[in-house]
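Chemist: Make a model of this:
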Amino acid sequence: MRRLLLFLAFLPGLARAEELLHAGPMRAWTELRSTAIWVQTERAADVQIRYFPIAAPEAARVTPVVTTSAGQQFVATFVLAPLEPGTEYRYELYIDGRLYARPYPLAFTTQPLWQWRVPAPDVTAMFGSCLYVNEEAYDRPGTPYGSDYGILKAMAAKRPDLMLWLGDNLYTREVDFYSPTGLAARYWHDRALLWLQPFLAATSHYATWDDHDYGSNDSDETYPLKAASLELFSRYWPAPVYGTPETRGVFQKVTWGDADFFLLDDRYHRKPNGWPAGQDKTMLGRAQLDWLKASLVASRAVFKVVVNGNQVLNANGRYETMTDYADTGELLAWIASNRIEGVLFLSGDRHHSELVRVQRPGGYPLYDFTSSSITAGVHVIKPDEPEYRNALRVDGTLVMEHSFGVLRFTGDPGQRRVTLQACGVDGAVRWERTITRDELSFPAAAPGQAGHRKPTE
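Modeler: Modelled structure (predicted):
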């Protein structure tokens, strides 16, 4: 069996004969006893990772060698396991037997084993959408659409526990979305953005898509390259599982602390925007919507965060929104009839950020926190436009600049809360709102009325 000469790592002044690393390493999903590390090389190469607990470097282990290939766009994904829960690890990257040091830390901490032992840990989740990377040869003429890559430095500096990518994580152009090789070329180009690399290593990354990284603008279930697009997405955003055995798509459930995150796929099964209104006009498709409803009922999490590329609650938006489909009405009715508590929505797409609040009779207020864009063009709403005066928007939460969102889950058992923050290019907070878990609760059930079971705290 081939082995890399790891002793080379300890030779002074080690130099590379050529540039072998194209992108990464990226920390993908992280669980209690495992994590995934994603790497992409410039050409076929032997890749290996050495990892160890920071407190016990003598316990280092080495992964088997993975030889990257053109058929997989020279991508290697390593699952490091078994690990210990709640433990800090450091890792090193080797390509063709040479240590490939990075100018930023390559480290991670596994999720803690807290259930039945200690209170739920504090968790910080970051999210955002619409990352446009310029490529002059194929961009539209005029002012570049992408800018302010420095925001990625501010995002990396916060080192959240996890990052949620809400779609338009890249932007396909006309040269891209008519062929699988075009789509692959866009991923290859954009993932190598220099500004992006420290952020890829700084946290665990989970993603769903929207139209521009799924296919062409406003694309839906009719997009002819949907299968090829799904394969590429899965290659660049590794996850333990996408979809279900019966239903394809990029939807998944992620758990951190006492929060469940339900990442939805708003494109693969979506009816065209112009489909006639009715119960069969769905954004998620019947199977995925049923999966979401069942998953919400089954969840014991204190907070249930539903993550979607398009806005879910905003009936006053000018562009794509789930309220134009049957999904929102059915989902909200399901939440009410089953008294599912602790639900919060996250969304992207809009090229501005805002917090939408919908109060339902007999229920608790639902919030949809939209964050967009990271680098793509900003949507500036003029004061004389109806959207500027959106009655559903929480006052003071409209941000018309590049930004990202942060959720901080904190508090003692029975007093949990989530703090929402919209942050600008410099990382400074533009607005902040705190929502207690009690605010996301139904009034006491009437005698004989079923109530949702108490979450585990």
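Chemist: Give me the domain ranges for this protein.
Modeler: Per automatic domain parsing, the structural domains of the chain span 6-109, 123-440.
Chemist: pLDDT on the first one, on average?
Modeler: Same thing as domain 6-109. Confidence over domain 6-109 (mean pLDDT, whole number) is 90.
Chemist: Give me the distance from that domain to the chain's centre.
Modeler: 22 Å (Cα atoms, centre = their mean, to the nearest Å).
Chemist: any chance you could map the helices in the stretch 251-400 of the chain?
Modeler: Along the stretch 251-400 of the chain, the segments classed as helices by DSSP state H, counting those that start in this stretch run 286-298, 326-337.
Chemist: I should have written the stretch 51-200 of the chain there, sorry.
Modeler: For the stretch 51-200 of the chain, the helices defined by DSSP H, counting those that start in this stretch cover 151-158, 180-191, 197-202.
Chemist: Ok, which of those helices comes nearest Ser34?
Modeler: helix 197-202 (17.6 Å; Cβ to Cβ). No exception for glycine: its C-beta is placed from N, CA and C like everyone else's.
Chemist: Mind giving me the packing neighbours of that closest one?
Modeler: Packed against helix 197-202 by the contact rule (3 or more Cβ pairs under 8 Å, 6 or more residues apart in numbering; DSSP states H and E) you find strand 21-30, helix 151-158.
Chemist: Could you identify which of these is most buried?
Modeler: Mean neighbour count (mean count of other Cβ atoms under 10 Å) peaks for strand 21-30 among those, with a mean of 22.
Chemist: strand partners of that one, parallel vs antiparallel please.
Modeler: Next to strand 21-30 in the sheet, as set by DSSP bridges, lie strand 35-41 (antiparallel).
Chemist: what's next to the strand it pairs with, contact-wise?
Modeler: 20-30, 47, 49, 68, 73-81, 83, 89, 91, 93, 95, 108, 110, 191-192, 200, 204, 236, 238 (Cβ atoms under 8 Å, 6 or more residues apart in numbering).
Chemist: among the domains of the chain, which is the most enclosed?
Modeler: Greatest average neighbour count among the domains of the chain goes to domain 123-440 (a mean of 19), per mean count of other Cβ under 10 Å.
Chemist: just how off-centre is that one within its chain?
Modeler: Centre-to-centre, domain 123-440 and its host chain are 7 Å apart (Cα atoms, centre = their mean).
Chemist: end-to-end on it?
Modeler: The first and final residues of domain 123-440 sit 18 Å from each other (Cα to Cα, to the nearest Å).
Chemist: swap in stretch 212-223?
Modeler: 12 Å.
Chemist: Please apply the same query to stretch 96-115.
Modeler: Taking Cα to Cα as the measure, stretch 96-115 stretches 42 Å from start to finish.
Chemist: Stretch 379-386 now?
Modeler: Start-to-end span of stretch 379-386 (Cα to Cα) is 14 Å.
Chemist: How about stretch 371-391?
Modeler: From its first residue to its last, stretch 371-391 covers 18 Å (Cα to Cα).
Chemist: same thing with stretch 377-392?
Modeler: Start-to-end, stretch 377-392 (Cα to Cα) is 24 Å.
Chemist: which residues sit against it?
Modeler: Stretch 377-392 is touched from outside by 132, 145, 313-318, 350-352, 354, 356-358, 398, 400-402, with contacts defined as Cβ under 8 Å, 6+ apart.
Chemist: which one of the helices and strands packed on helix 197-202 lies closest to Thr181?
Modeler: Thr181 sits nearest to strand 21-30 of all the helices and strands packed on helix 197-202, at 16.9 Å, using Cβ to Cβ.
Chemist: what angle do that closest one and helix 180-191 make?
Modeler: Orientation check (axes from the mean of the first three to the mean of the last three Cα atoms, to 10 degrees): strand 21-30 against helix 180-191 gives 90 degrees.
Chemist: shouldn't His269 be in contact with Asp290?
Modeler: No. With contacts counted by Cβ atoms under 8 Å, His269 stays clear of Asp290, the gap being 11.6 Å.
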